[in-house]
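Peer 1: Pasted the sequence and its predicted model underneath.
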Amino acid sequence: MSQQLALLMIVLPVVGAVLCGTIMKGCRHVAVGCSAGVLGLAVWTVTAGFGASSRLMFGRLPWLTAMSNEPLFGIMIDPLSALMLVLVTTIGFLTVLYSTQYLTERHKEHPVPAGEHGRYYFWLLLFLASMVGVSVSPNFLQLLLFWELTTVCSWALISFHRNARSLRAGFKALVMTHAGGLFFLVAICILFARGHSFDFSAIAALPEGLRAWVFVCLMIAAWAKAAQVPLHTWLPDAMEAPTPISAYLHAAAMVKAGVYLMARSAGAGWAMPPHVALVLAIMAMVTIAIALSFYFVQDDLKRLLAFSTIAHLGYILLGVGIGSLGSVLAYRGGVLHIICHGFSKATLFFCAGAVAYVTGSRSISAIRGLGRSMPLSATAFFVGVLAVAGVPPFACFWSKFMILAGAMQLSGPIGPIVLVFILVETLVSFAWLLYVAQRVFMGTPSPVATVNSDPPPAMSVTLVILMVGCLLAPAIGIPLVELIGR
Amino acid sequence: MTGALRLLGIALGTLLVGSIVSLALARDRRRCGWASFLFVTAAGVLTWVAAARALSAGSSTEVRIVELAGVGATLAISIDPLSAVFLLIATAIAVLSTLFSIHYMDHYRSDQVAKFYPVLQLFFASIIAVLLASDFLFFLVFWELMTLTSFFLVIFERESQSSQRAGLKYFIVTHAATLCMLAAALVLWDTSGSFHFAQLREALSTLIVTRPIMAHTVILLFFLGFATKAGVLPMGDWLPDAHPVAPSGVSAALSGVLVKLGIYGMMRLFCNLLPISPASETWGWVVALAGTGSLFVGTLTAVRQTDSKRLMAFSTIGQIGYICLAIGVGVHSLRSNSALAAVALAAALLHAMNHACFKSCLFLGAGSVLFRTGKRNLDQLGGLAASMPYTAGASTVASLSISGVPPFNGFASKWLIVVSCLLAGMGSPLFLVLGLIALFISLASLASFMQVLASVFYGRSDESVNVREVPPSMAVPQVILAGLCVVLGVFPQLPLRYAGFAVERLLGMPDTGTIGGGWSGAYVSSGGVLVAFWSPVAMLIAIAALGLIAYAIQRAGGAAVKRVPVWYCGEEHPARIVRYAASSLYLPFKDAFRRIYPSWSARAPRFPPRLRSAFDLDRWLYEPSVRVVLDAAGRVSRTHVGTPQVYLLWIVIGAMAVLGIMLALAI
């Protein structure tokens, strides 16, 4: 029963997308309704079978039956996908809700005429559907299909404004993530050729040497998707997208698909060879350090947040890497970071969007003292900063803490090195983000920031919900990740 | 005893509800203030009842609320006499500073109280939660919640650049301290598998045997964490910036309560976590020396200040130094002489209580002056005693108290601190030196507060300035605190009994009767022999008798009292010119100690541009490779010339190549 409903979670937004693409008028309401429906279904699915694993399989490909007679498509719900579902659908719904007032002609930076709405909601709902598809995929094949669908959707949405810069950024994102996706394809070709199965668990059955290569291919795919060094350069450029899209892209969709792939393949049988896991962890730390070094030269609020996202995706992969080295606690921390970072980063992006909406500017150096006219956005931004920096009791503290504790469980020098590295990074990024928050929202209002007020209700409600999410995300996440074990 | 915890739970709930209610009422400043005051008072009464129960019954059982099995952490709360003492301090100051703030917040016209009262109540709630937590992970969570709420109180004045800078510095420095403690706790957790204080203690006692260097690193990290919050120099450098810029009610709470929690943490660390071992002797030295350094530098720097609140902030550093000195003596003698340890720790606890009374009173006094005159600069103020008698009186009492003038409460605790230094000095003479430094630095304290009193309240007032006394809701808290300074000074045995009880329970000692008090005063005995005794009542009677005699002699002599104005060479001068300004007092001393508090402005190092371009993969990797691909594609496209003959030529060449390869393979 619940699997059929879960299937509806993919069908509903696709239907909504088609409707939005065709009817044009009133498509906002359709989009809100569809995404709310998906959210309701997701909540129902997750709570009904809390933490239970279930799968429903159907559909074969006739030309593959010679090698494998198992059904190839279906729905799988387990704690990891439940966590992703909650994140994807909640942020998805909030993105749609926020967009209804963000994408109007009253927008100061990028006014959007009503005629453009159909195209926007078509791609957004398709994005939502494909992310749900990624979350509930029972095997690598289906995951790859939805994975590439998210690439297409993000290409269309990043280029939404269709000016030279955004077209270029969208193309760059498409090329880089698709190039990574080809490695994914290589990985599952090897997997199917040798193991005759696309199942996640089939990866553990491969011989040691080949398994390492499969994991390396998956890792490169994840790096490209999750904007990790050296494939990170598309993400800051993707800031040309409308801000709700950036928020969705960073908090729940697209980049999270990359880390989800890594978490999924590492958690299936815990078969990642230690040296690959070590490479994953080290590259994650390199990414964190490089992303941090870019914080200090950003003037565009959204670009700053983009580099912060890169660093935090590094945290997730660090957790997964350490988890594959033998500490399940760090793996849980990494997975928990998916949802904690999702809520925190969405808060920050929606705030940046609200600022751009009322002031028409995203420049850190030009905006001062917005707190007076936009108290709600200021509060939300501070909450987001504290949450993303991992100040207790906010969300990311708990996930970072679990990663740290997990690292300490490993024997040898890895634990202390990771501990010192992460704590230093945490302090520096916390200090810088707090400084930026104070610069933008405190002080005497600058000319840009004098005449405005908090954004319209739909956007304000989104901010309030996300603030609560920043506090309560671990309360949902921790019970779920505790169920993941080896 | 779970009854006490239930009361505290209700108190926490009251504060949370209060913060929401005050947020809803924020449009009306006064109503919001009174509502907050009611909620804080209700929570305060509940907390006092609970703390009183804990002080009569001893430690409570622990209540577990949430368990995080995966990481071995439990949200568990319990109350013991030590936390009860700090709860008493915290809630008393909380209630009084909220009462003070009701009218005081009118001072900030352009800032909404919506960002004050709700945060203030969350701040108090987090303080209570910190004092109750018995699991280190949740201790840290509440600890940082406390930092974060106090940060928002410090940056309350949105448009003031100095508030913003001070708040940023405060949060970054204390967050670094918290991360230090987190690292230390994780190292211990690695061996114990749990964050409960009892398990951490076991882990530390094994670690100190197996890996002493790691154990000392852990203790150092904890010490750094707590000392930063307590304001021990040099980590406490945030304090002189953050205290002056906060609204005065908050300054009082920061100085009276927040820094005390650093002391609480240190007492927990050195008496609960650290097993009694040679390490405790070493760390006793470290704490005592840090405390002495802090009291020396802090108090002498206070003398040089002309901003009243900044002066008080430096004086807080000094007074915290006294407390640390006492803790150091106590921790040092834990192994050799547990009775002495109890005396020293009780002295520390007593001084913490007393400091909360007089320092909060002084901050409220400075706030009252700021409220009426808008000035914090001592040089621009003068002669306010005539127009603000209650404020002046309360500040005078508190100033005498902080300087350790008998019979006020500051004397009682400083006396006990010096006594414990002297007793410890019999074993290791360096403590004698530290005790003497502490004794003489009291003079500097007196000098700095005489400077405040003389320049703000006494001397000639500006005739042009029309200043009134502050409204009763602001005067009452000051008078209550000043009254406490007197009562606790004349009857030091009352607080000392509780402090002694708390310390004995903390150390797990039987009731030895080392510290005690009768109706007449307080005493310290060692092995049944009375080694120190202080009876304020007797001394007061003696002073009164001497005063009477002096009066009688004056009457008998019949000397006339002449009052003449100061002669300014016959010229008329406005008061502000002929007043003796604070900055011109003690000039030789100020010159002598000019360099004692070095300050420099740190600049962030420039990021090396070479590294920056190395990190920019687009520039040297992707864009060139895209260009290469495009060039190659361009070159290939050049073969498409559109002439059929050329294509035919290609086909022929291709066919020949294929044939050649096949022939070569066949051979």
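Peer 2: Cool, got the structure. All of these numbers come straight from a predicted model, not from anything done at the bench.

Peer 1: How confident was the prediction at the residue located most distally from the centre of chain A?
Peer 2: Taking CA atoms, centre = their mean, the residue of chain A most remote from its mean C-alpha position is A:Ala66, at 37.2 Å. The score at A:Ala66 is 73. That number is its pLDDT.

Peer 1: For A:Val335, give me its contacts.
Peer 2: A:80, A:83, A:263, A:316, A:319-320, A:477, A:481, A:484 (CB atoms under 8 Å, 6 or more residues apart in numbering or on different chains). In this view, the C-beta of every residue, glycine as well, is placed from N, C-alpha and C.

Peer 1: ok, so of those, who is nearest B:Ser150?
Peer 2: Closest approach to B:Ser150 among the contacts of A:Val335 (CB to CB): A:Gly477, at 28.2 Å.

Peer 1: Just give the number of residues close to the closest one.
Peer 2: 27 (other CB atoms under 10 Å in any protein chain shown).

Peer 1: what mean pLDDT does the helix or strand hosting it have?
Peer 2: Per DSSP states H and E: A:Gly477 is located in helix A:457-482. The average of the pLDDT scores along helix A:457-482 is 91.

Peer 1: closest to B:Ile89 among the contacts of A:Val335?
Peer 2: Closest approach between these and B:Ile89, by CB to CB: A:Gly477, at 37.6 Å.

Peer 1: Nearest to chain B: which residue in the stretch 301-450 of chain A?
Peer 2: Closest residue of the stretch 301-450 of chain A to chain B, CB to the nearest CB: A:Pro392 (4.1 Å).

Peer 1: what's the distance between that residue and A:Gly342?
Peer 2: 18 Å (CB to CB, to the nearest Å).

Peer 1: where's the residue of the stretch 551-667 of chain B found nearest chain A relative to A:Gly180, distance?
Peer 2: Shortest the stretch 551-667 of chain B-to-chain A distance, computed as CB to the nearest CB: residue-wise this is B:Asp618, at 4.7 Å. Noted for B:Asp618: a distance of 16 Å to A:Gly180, by CB to CB.

Peer 1: And these two? Which one has more around it.
Peer 2: Set B:Asp618 next to A:Gly180 and count neighbours by other CB under 10 Å: A:Gly180 wins out with 25 against 15.

Peer 1: if I pick that one, what's in contact with it?
Peer 2: Listed by CB under 8 Å, 6+ apart, the contact set of A:Gly180 reads A:220-225, A:231, A:258.

Peer 1: do that again at 10 Å, thanks
Peer 2: A:147, A:151, A:217-228, A:231, A:258 (CB atoms under 10 Å, 6 or more residues apart in numbering or on different chains).

Peer 1: nearest residue to it other than its sequence neighbours?
Peer 2: Leaving aside its sequence neighbours, A:Gly180 sits nearest to A:Ala224 (CB to CB, 6 or more residues apart in numbering or on different chains; 2.3 Å).

Peer 1: Give the next helix or strand downstream of the one helix or strand the one you found maps to.
Peer 2: A:Ala224 is located in helix A:208-225, with elements delineated by DSSP H and E. Downstream of helix A:208-225, the next assigned helix or strand under DSSP H and E is helix A:234-237.

Peer 1: For the helix or strand just after that following helix, C-alpha coordinates in CSV please.
Peer 2: Following the chain from helix A:234-237 toward its C-terminal end, the next helix or strand by DSSP H and E is helix A:243-251. C-alpha atoms of helix A:243-251 as CSV (Å, rounded to 0.1, in the frame of the first residue of the first chain):
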residue,chain,number,x,y,z
THR,A,243,17.3,32.3,-5.8
PRO,A,244,14.6,29.7,-4.9
ILE,A,245,16.2,27.4,-7.4
SER,A,246,19.6,28.0,-5.9
ALA,A,247,18.1,27.2,-2.5
TYR,A,248,16.6,23.9,-3.8
LEU,A,249,19.7,23.0,-5.7
HIS,A,250,21.9,23.5,-2.7
ALA,A,251,19.7,22.3,0.1
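
Peer 1: Report the angle between helix A:243-251 and helix A:457-482.
Peer 2: 10 degrees (axes from the mean of the first three to the mean of the last three CA atoms, to 10 degrees).

Peer 1: distance between helix A:243-251 and the chain's centre?
Peer 2: 8 Å (CA atoms, centre = their mean, to the nearest Å).

Peer 1: same question, stretch B:385-394
Peer 2: 28 Å.

Peer 1: same deal with stretch A:47-60?
Peer 2: On CA atoms, centre = their mean, the centre of stretch A:47-60 falls 23 Å from the chain's centre.

Peer 1: Show the end-to-end separation of it, please.
Peer 2: Stretch A:47-60 has its terminal residues 30 Å apart, counting by CA to CA, to the nearest Å.

Peer 1: now swap in stretch B:503-523 and tell me
Peer 2: 16 Å.
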